[in-house]
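Chemist: Give me coordinates for this.
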Amino acid sequence: MIEYIRSLNRIISAVPDLLNIEMKFEPPERAGTHLFWLGSLRKFDGGIDFTQSASARAKDVLFISAAMCLYDDRLDPDSPSDFDKFWSECRDPNGPAVCRAVYKALLRQSSEQAIGGRILKSRQEEYNCDAAEEELYWRFRYLWESVGL
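Modeler: You can find the predicted model right below:
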């Protein structure tokens, strides 16, 4: 628990707006500004989604965020780590323990009813697992780079 809270504090120190429902980010390889919490705590038409499902989606976002710091700390906290290596290991159900837990969260959140699928639906795009996962990829890559992992 101490490591988890330390990791969240590290992320919030680097990205103070993380807990702001209106937080925006600009993925480097995608046009425009995107709402970070869209599909989890933020409704598509604005405002906060107060449902139990929304809190479960947000819980996974916060867990994956903290897990990124744990991963970096266990590799080499003083040197930059490779986000794509982390992402690849977290897509492997047999990867390191922290990555296995992230793998399960990524599977949940790239489903049609979760963050990735909800974002695609908000743009009137047909659900595609890869496109839904890509929505998660850019959010977590943004955090990774912002924290300097």
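Chemist: Who are the contact partners of Phe140?
Modeler: Ile64, Ser65, Met68, Phe83, Trp87 (CB atoms under 8 Å, 6 or more residues apart in numbering). (Glycine included, C-beta is placed from N, CA and C.)
Chemist: biggest separation within those residues, which pair?
Modeler: Farthest-apart pair in those is Ser65 and Trp87; separation 13.4 Å (CB to CB).
Chemist: Compare the contacts of Phe140 and tell me which has the most neighbours.
Modeler: Counting neighbours by other CB atoms under 10 Å, the top entry in the contacts of Phe140 is Met68, with 26 neighbours.
Chemist: Mind telling me what element that one is part of?
Modeler: Assignment of secondary structure by DSSP states H and E places Met68 within helix 52-75.
Chemist: Need the three-state assignment for the residue of the chain positioned farthest from its centre.
Modeler: The outermost residue of the chain relative to its centre, with distances by CA atoms, centre = their mean, is Asp78 at 22.6 Å. State at Asp78, reduced to three classes by DSSP: H, G, I helix; E, B strand; the rest coil: coil.
Chemist: tell me which residues in stretch 58-68 are buried?
Modeler: If you call a residue buried by 16 or more other CB atoms under 10 Å, then stretch 58-68 has these buried ones: Ala58, Asp60, Val61, Leu62, Phe63, Ile64, Ser65, Ala66, Ala67, Met68.
Chemist: same thing with stretch 36-53?
Modeler: Phe36, Trp37, Leu38, Gly39, Ser40, Leu41, Arg42, Lys43, Asp49.
Chemist: Perfect, I'm done here.
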